[in-house]
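K.L.:
Using only what follows, build the 3D model:
(one chain, ligands or ions: 1)
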Amino acid sequence: MGKILGIDLGTTNSVVAVYDNGKARILQASPQSNTMPSVVSFGAKGEQSVGAAAVTQQVTNPENTVYSVKRFMGRRLNEVASEERIVPYKLLGKPDDQVKIAVAGRKFTPPQVSAVLLAELRRVAEEELGEVCDRAVITVPAYFNDAQRQATADAGAIAGITVERIINEPTAAALAYGVEHRGARNLAVVDLGGGTFDLSLMKLGDGKFEVLAVHGNTHLGGDDFDQRIIDIVADDFLRTHQIDAREDPMALQRLKQAARDAKGELSFRESVEISVPYIAISPDGPLHLQYNLNRERFEAVCDDLFGEIREACRRVLYDASLPGEAIDEVVMVGGSTRMPRVQTVAMEAFKAEAVNKSTNPDEVVAAGAAILGGILQGDLINVHLMDVTSHGFGVTDARARMETLIPKNTPIPVTVKKTFSTPTDNQRSVSINVLEGEKTKAQDNRALGVFRLSGIPKAPAGVPRIEVSFNIDANGILNVTARDEASGREQQVTISGTGGIDEEEREQLRLEAAAAQEQKAAAEVELSLRNHAERALHTMQGWLQYHGRLIGPKAAQKFEITLLKLQKAIAANKAHHMKQCLKKLDELAELYRKAA
Ligand code: AMP
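P.N.:
Just a heads-up that it's a prediction; the model follows:
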């Protein structure tokens, strides 16, 4: 059996690693980089490009190039208003439905798009390791809710990967950190990536990794800081030229890139020159955008975002009942923690003199996932992980309030049972509203769906006893089962409206994704053949011109005819003919070599 991969499926970048020879090894996503941009581009004929190849399409084909898909995983359309504003591709669906993404004349769910990323990471890993890798540990933000976790598991299944475990990103980071730095200590992990923000407080020691509390915001990440810069410069441009550059998808994409670069530089420099030439056309000719931004102004326009981070630090300490002084080490994870202000906010909150930047913030999460893979495949013993649920779960009570059955920060896996009955005589079924969240009023929480118990034998009100089990597994995913106590019969439980997909749909999508992957592979083979044919044509034409006389006019003529045929085959894109001509060229070259 192949090794279990550790995959950090990030908003901006994704990373794949494996536990090998006693340590986590990051696999190269491309010859140039260990990280793969989480970008997928779709062509009109269904062709897909992934990673760095798709990034090049972001400016030229923005409507059909999907980035930051993680922000839409497990989301309903009415939950992503702020995200919808910043992406150039179209979202579809009814407000209460799972988001769909419209690209290249087709509709894709976010798990389908994520599956393309996962399949590519799997391919990269298989190529490097030389073995089939169809099992993985995939990371998610600790603050991901049930639907977002389920959507991640669906993405794995669509990519043909058995998801052995879903692990929280800060927990994975702590695992990677703790395996290297032994000794008891309390750790705060601050994880700010491209689209999500997570905080975890953990107790480490004796091979134990115990999560004390988590908090976060799955709507906050580097993209939001980029957006603030985009708005400053675009507003300035609008004032000067009366043109809103944000309205043109191509200009917006270039602005976004410039804003992200500027933000990255401001982490190391006090000021930066933002320049986007030819951003728009006016009656007087092309217009160039030029803006000088300093760190002070950048931090001022992002003050509320930094404030959210500060507030979350306070909250997580409160949830863990710990003072800031109790934290021994602050570990920074995710590219956005390079912003100096994020580091000072964390240092102030956790009363630390410095933050730990010794781990590579881009790779530490995948490394932790790979270590968990190592644990699951039995390569690493005496390491114990104890994670918690990042949200509370409960039901709506008779007064329309949330009755919490599993509070936030409860160690997982956990099972809680509750007995329900019927409020009226001879009632054959009851409906139970399952909720996720921490708010008092039921309606202020996220409705996971209505859970309908049917087939209850006729009896006076309050007599039937139906025991319902709420189980949160090690992945942080809720499973509900019910048992009629009188008969001992297990009830069929269906939670409707979760936005998830069933087994049949998952299989269908897996087949579609596999077909797309095959199509992509075939296109790559075709392209490589064409490149090979073009190179052979060019080289042999040159060779014939200078050395043709060495082989005599007859042999040279044979070469010439074959090269002409090859040229035609390339022009007509006829793979079969190209192969025939290449074979013939090889034979002729071989004959000549022998004669010489
Ligand atoms: P991740 O999802 O962990 O790969 O984080 C990606 C995010 O980190 C993106 O929003 C990047 O713009 C951001 N990022 C990367 N480098 C820097 C930097 N030097 N300063 C600020 N943000 C950065």
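K.L.:
Chain neighbours aside, what residue packs nearest to the residue in the chain that the ligand sits nearest to?
P.N.:
Closest contact between the chain and the ligand, by C-beta to the nearest ligand atom, is at Gly222 (1.9 Å). Heads up, the C-betas are built off the backbone N, CA and C, glycines and all. In this structure, Gly222 finds its nearest non-sequential neighbour in Ser336, 4.1 Å apart by C-beta to C-beta, 6 or more residues apart in numbering.
K.L.:
pull the helix or strand with minimum mean pLDDT from the chain.
P.N.:
strand 495-496 (a mean of 55; mean pLDDT, DSSP states H and E).
K.L.:
Domain-wise, how is this protein divided?
P.N.:
Domain assignment for the chain by automatic domain parsing gives 5-220+305-387, 222-303, 393-500, 504-595.
K.L.:
just these: most buried one?
P.N.:
Stretch with highest mean neighbour count among the domains of the chain: domain 5-220+305-387 (a mean of 21; mean count of other C-beta atoms under 10 Å).
K.L.:
Could you pull up the mean pLDDT of it?
P.N.:
Averaged over domain 5-220+305-387, pLDDT sits at 93.
K.L.:
Report how far apart the opening and closing residues of it are.
P.N.:
Separation of the first and last residues of domain 5-220+305-387 by C-alpha to C-alpha, to the nearest Å is 20 Å.
K.L.:
Is that domain in proximity to the ligand?
P.N.:
Yes. With C-beta under 6 Å from any ligand atom as the criterion, the ligand is reached by domain 5-220+305-387 at 10-13, 193-194, 334-336, 338-339, 362.
K.L.:
which ones among these are found in strands?
P.N.:
Among the residues of domain 5-220+305-387 next to the ligand, the members found in strands (DSSP state E) are Asn13.
K.L.:
Turn the residues of domain 5-220+305-387 next to the ligand into JSON lines, including distance to Glu560.
P.N.:
JSON lines is the format used below for the residues of domain 5-220+305-387 next to the ligand (distance: C-beta to C-beta, whole Å):
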{"residue": "Gly10", "distance to Glu560": "54"}
{"residue": "Thr11", "distance to Glu560": "56"}
{"residue": "Thr12", "distance to Glu560": "52"}
{"residue": "Asn13", "distance to Glu560": "50"}
{"residue": "Gly193", "distance to Glu560": "58"}
{"residue": "Gly194", "distance to Glu560": "55"}
{"residue": "Gly334", "distance to Glu560": "60"}
{"residue": "Gly335", "distance to Glu560": "56"}
{"residue": "Ser336", "distance to Glu560": "60"}
{"residue": "Arg338", "distance to Glu560": "60"}
{"residue": "Met339", "distance to Glu560": "63"}
{"residue": "Asp362", "distance to Glu560": "54"}
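K.L.:
Identify, from the residues of domain 5-220+305-387 next to the ligand, the entry nearest to Val525.
P.N.:
Asn13 (27.5 Å; C-beta to C-beta).
K.L.:
so the closest one makes contact with Val39?
P.N.:
No. Under the criterion of C-beta atoms under 8 Å, Asn13 is not in contact with Val39, lying 9.3 Å apart.
K.L.:
what about the strands in the stretch 251-400 of the chain?
P.N.:
Under the criterion DSSP state E, counting those that start in this stretch, the stretch 251-400 of the chain contains strands at 271-282, 285-294, 329-333, 384-388, 393-396.
K.L.:
Put together JSON lines for those, with distance to Ala442 on each row.
P.N.:
As requested, the strands of the stretch 251-400 of the chain are arranged in JSON lines below (distance: least, C-beta to C-beta, whole Å):
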{"stretch": "strand 271-282", "distance to Ala442": "47"}
{"stretch": "strand 285-294", "distance to Ala442": "45"}
{"stretch": "strand 329-333", "distance to Ala442": "35"}
{"stretch": "strand 384-388", "distance to Ala442": "23"}
{"stretch": "strand 393-396", "distance to Ala442": "4"}
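K.L.:
So which of those strands is nearest Asp231?
P.N.:
Taking the strands of the stretch 251-400 of the chain one by one with C-beta to C-beta, strand 285-294 is closest: 11.6 Å.
K.L.:
who does the closest one touch, helix- and strand-wise?
P.N.:
helix 222-241, helix 249-266, strand 271-282 (3 or more C-beta pairs under 8 Å, 6 or more residues apart in numbering; DSSP states H and E).
K.L.:
what's next to that strand, contact-wise?
P.N.:
229, 232-233, 236-237, 241, 243, 245, 255, 258, 262, 266, 270-281 (C-beta atoms under 8 Å, 6 or more residues apart in numbering).
K.L.:
So what's the gap between that strand and the chain middle?
P.N.:
33 Å (C-alpha atoms, centre = their mean, to the nearest Å).
K.L.:
cool, and stretch 131-143?
P.N.:
For stretch 131-143 - counting by C-alpha atoms, centre = their mean - the centre lies 11 Å from the chain centre.
K.L.:
partners of Ile101 in the sheet?
P.N.:
Beta-bridge partners of Ile101, counted by DSSP bridges, are Leu91, Phe108.
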